[in-house]
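K.L.:
Pasting a predicted model and its sequence here:
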Amino acid sequence: MIKFALFARLEAKPGKEAEVQQFLEAGLAMARDEATTPIWFALRLSPTTFGVFDAFETEADRQAHLVGPQALMAKAPELFAKPPAIEQIDVLGLKNAAAAA
């Protein structure tokens with residue numbers, strides 16, 4: 001059962017909004033390759049603010065994701081106005097109608 005998640009808030013540098021969007025869209029392929037990341041979303045919260053939400057079944061999966069491929073952190077100085085704010089959060093409930101279909 002999905003109980004563990006991460007939310008990363010990303011603020012694009014001025015003029016880098018399109019590059020951040022492309023970077024996150026490309027991140028979908030990486031997320032698909034992670035067997036321990038069953039839920040992953042790239043989000044646009046405002047014209048300059050983006051986010052990534054991903055969820056995991058175990059704390060170990062969440063921690064492995066945090067120390068795994070660091071593509072996000074490698075691109076941070078180039079794309080983001082400040083370091084990504086990454087929050088560890090708990091999932092209290094989940095409905096995933098797409099998975100049931």
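P.N.:
Yes, it's here.

K.L.:
Test my guess that residue 65 contacts residue 56.
P.N.:
Yes: using Cβ atoms under 8 Å, residue 65 makes contact with residue 56 at a distance of 6.7 Å. Every residue, glycine included, has its C-beta placed from N, CA and C.

K.L.:
so what sits against both of those two?
P.N.:
36-37 (Cβ atoms under 8 Å, 6 or more residues apart in numbering).

K.L.:
quick one, which of those two is more surrounded?
P.N.:
residue 56 (22 against 19; other Cβ atoms under 10 Å).

K.L.:
any idea where the helices of the chain begin and end?
P.N.:
Under the criterion DSSP state H, the chain contains helices at 17-33, 59-67, 71-79, 97-100.

K.L.:
For the first one, name the packing helices and strands.
P.N.:
Here helix 17-33 touches strand 39-44, strand 49-56, helix 71-79, going by 3 or more Cβ pairs under 8 Å, 6 or more residues apart in numbering; DSSP states H and E.

K.L.:
Now do the buried residues in it.
P.N.:
For helix 17-33, the neighbour count (16 or more other Cβ atoms under 10 Å) marks 17, 20, 23-24, 27, 31 as buried.

K.L.:
and that helix, what's its mean pLDDT?
P.N.:
Helix 17-33 shows a mean pLDDT of 90.

K.L.:
contact partners of that helix?
P.N.:
With contacts defined as Cβ under 8 Å, 6+ apart, helix 17-33 is touched by 10, 12, 37, 40, 42, 44, 47-48, 50, 52, 54, 69, 71-72, 75, 79-80.

K.L.:
chain center to it: distance?
P.N.:
9 Å (Cα atoms, centre = their mean, to the nearest Å).

K.L.:
relative to helix 71-79, how tilted is it?
P.N.:
170 degrees (axes from the mean of the first three to the mean of the last three Cα atoms, to 10 degrees).
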